[in-house]
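# structure, please.
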Amino acid sequence: MPSKSDLNPPRVPHPPNTQIQQNDLASIWTQFFPPRNGAPITEANLASQAGKVFIVTGASSGLGYELTRILYGAGATVYMLTWSRAHAHAAMDRIAAFYADRPADHCHAPGGCLEFIPMDLTDLASVRAAANAFLARVSGRLDVLFNNAGIAATANPPATAQGTEYHFTANSLGAVRVVWPASVLVEMMTPPGGIRASFLQDPNTVITDMDANELYSASKAANWFSASEFARRTGRATGVLHIAGNPGNYLTNIWRDTSSWLFWLLWSILRNPVHGAETYLFMGLSPAVTADDAAAGRYVVPDGRWYPGGMREDLLLALRSVDEGGSGRAAAYFDWCEERVKGFL
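Next up is the predicted model:
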């Protein structure tokens with residue numbers, strides 16, 4: 001039987017980070033305009049995924065749809081976790097039609113298989129029900145969880161079922177190898193430390209001073225913090241690798257809730273979402289992504305590259321504990337999440 005120390009492993013000290021410590025506009029530029037044809041893993045060279053099991057949240061559109069389609073085409077079983085049954089089955093039909101040389105159904109051997117499980121990320125009870133439904137269908141295997149689903153910067157968002165902040169609940173709080181999507185806005189728009197310390201102490205009071213852009217960008221920084229903390233706290237004991245990164249900027253449904261002026265400002269540089277799926281493939285499947293990378297808080301950028309340097313120093317310090325000379329903001333956020341999800345575990 002596992003010992004108490006196995007069940008409650010010590011937090012791994014943060015390894016030295018050799019990334020450049022000052023903000024570098026070139027690092028931001030390359031995330032908007034990554035090298036052409038530079039993705040290390042694409043639909044064209046992806047090895048067979050037959051026998052593997054994946055979860056893709058938000059799988060019915062955008063990056064989630066393209067990732068699901070590619071994995072299915074490679075022979076994987078993909079569980080599509082999204083709120084709408086109609087949208088999920090419409091996506092299944094589109095995927096089946098894409099592979100015209102295969103039977104027009106959603107599950108066939110020896111090719112891929114698509115399964116739908118309903119999940120509303122704004123309701124932690126729904127997240128728990130989805131996890132239980134998955135466990136009831138699958139016997140002990142999950143290769144990668146792609147936490148793709150999320151919402152954009154939304155002004156005046158609705159209340160969530162548990163009363164937690166909308167962006168943080170949908171983008172971060174609701175969550176083998178686990179892929180956590182962040183955003184280039186982590187560097188461009190988050191407050192010092194990525195998340196305000198005052199928000200973690202009293203979110204209901206502080207939220208009135210935070211606009212939708214800060215809430216969205218901070219919720220994406222939260223994903224990076226979650227990946228790093230999971231890797232340090234439980235990675236060695238569980239063998240689960242958590243990794244975060246910016247999948248890029250794409251023409252998807254995420255823009256439906258944002259200001260129209262912002263969409264039209266950025267429209268000309270928004271890319272085909274298949275390239276975001278390629279970033280996810282690197283994060284989820286590449287042997288170049290290791291447990292040591294995860295524990296170090298390394299960060300992936302489009303279309304499957306390590307962050308080239310220039311990350312804000314305050315964000316790097318957020319990944320480190322106070323004892324390590326950092327701000328401890330990532331650890332504080334992880335503890336904040338633990339408190340809010342404990343009733344749903």
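
# poorly predicted segments of the stretch 151-300 of the chain, please.
151-175, 255 (pLDDT under 70).

# in the stretch 51-200 of the chain, which spans are helices?
Along the stretch 51-200 of the chain, counting by DSSP state H, counting those that start in this stretch, helices occupy 62-73, 85-98, 124-137, 166-168, 185-189, 197-201.

# least confident of those, on average?
In terms of mean pLDDT, the lowest-scoring of those is helix 166-168 (a mean of 42).

# need the longest helix for this structure.
helix 212-233 (DSSP state H).

# tell me which residues in it are buried?
Going by neighbour count (16 or more other C-beta atoms under 10 Å), the buried part of helix 212-233 is 212-233. The way it works is simple: take the backbone N, C-alpha and C, and place the C-beta from them, glycine included.

# which residue ranges of this structure form strands?
53-57, 77-82, 113-118, 144-146, 177-181, 241-245, 299-301, 305-306 (DSSP state E).

# kindly reformat those strands as JSON lines and extend each row with distance to Phe263.
JSON lines is the format used below for these (distance: least, C-beta to C-beta, whole Å):
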{"stretch": "strand 53-57", "distance to Phe263": "23"}
{"stretch": "strand 77-82", "distance to Phe263": "22"}
{"stretch": "strand 113-118", "distance to Phe263": "29"}
{"stretch": "strand 144-146", "distance to Phe263": "25"}
{"stretch": "strand 177-181", "distance to Phe263": "19"}
{"stretch": "strand 241-245", "distance to Phe263": "23"}
{"stretch": "strand 299-301", "distance to Phe263": "22"}
{"stretch": "strand 305-306", "distance to Phe263": "26"}
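
# now render the ones you listed as JSON lines, adding mean neighbour count and distance to Gly64.
Listed next are these as JSON lines, based on neighbours: other C-beta atoms under 10 Å; distance: least, C-beta to C-beta, whole Å:
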{"stretch": "strand 53-57", "mean neighbour count": "26", "distance to Gly64": "5"}
{"stretch": "strand 77-82", "mean neighbour count": "26", "distance to Gly64": "8"}
{"stretch": "strand 113-118", "mean neighbour count": "20", "distance to Gly64": "12"}
{"stretch": "strand 144-146", "mean neighbour count": "25", "distance to Gly64": "7"}
{"stretch": "strand 177-181", "mean neighbour count": "26", "distance to Gly64": "10"}
{"stretch": "strand 241-245", "mean neighbour count": "26", "distance to Gly64": "16"}
{"stretch": "strand 299-301", "mean neighbour count": "24", "distance to Gly64": "17"}
{"stretch": "strand 305-306", "mean neighbour count": "17", "distance to Gly64": "21"}
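
# so which of these gets nearest Pro35?
strand 305-306 (8.1 Å; C-beta to C-beta).

# ok, that closest one: who's next to it in the sheet?
strand 299-301 (antiparallel) (DSSP bridges).

# returning to that earlier point: Glu278: which of the helices of the stretch 51-200 of the chain is closest?
Ranking these by proximity to Glu278 (C-beta to C-beta) places helix 62-73 first, at 8.4 Å.

# from Tyr216, how far out is the residue nearest the centre of the chain?
Central residue of the chain (C-alpha atoms, centre = their mean): Trp180, 2.4 Å from the mean position. Going from Trp180 to Tyr216 by C-beta to C-beta, to the nearest Å gives 15 Å.

# before we move on, the earlier item: of all the helices of the stretch 51-200 of the chain, which lies closest to Glu324?
Nearest of the helices of the stretch 51-200 of the chain (C-beta to C-beta): helix 197-201, 17.3 Å.

# mind listing what's buried in the closest one?
Neighbour count says helix 197-201 has 199-200 buried, by 16+ other C-beta under 10 Å.

# what lies in contact with it?
Applying C-beta atoms under 8 Å, 6 or more residues apart in numbering, the contact partners of helix 197-201 are 206-207, 210, 218, 329, 332-333, 336.

# for stretch 78-92, same thing?
Outside stretch 78-92, the residues touching it (C-beta under 8 Å, 6+ apart) are 53-61, 64-65, 68, 71-72, 106, 112-121, 130, 134, 137-138, 149.
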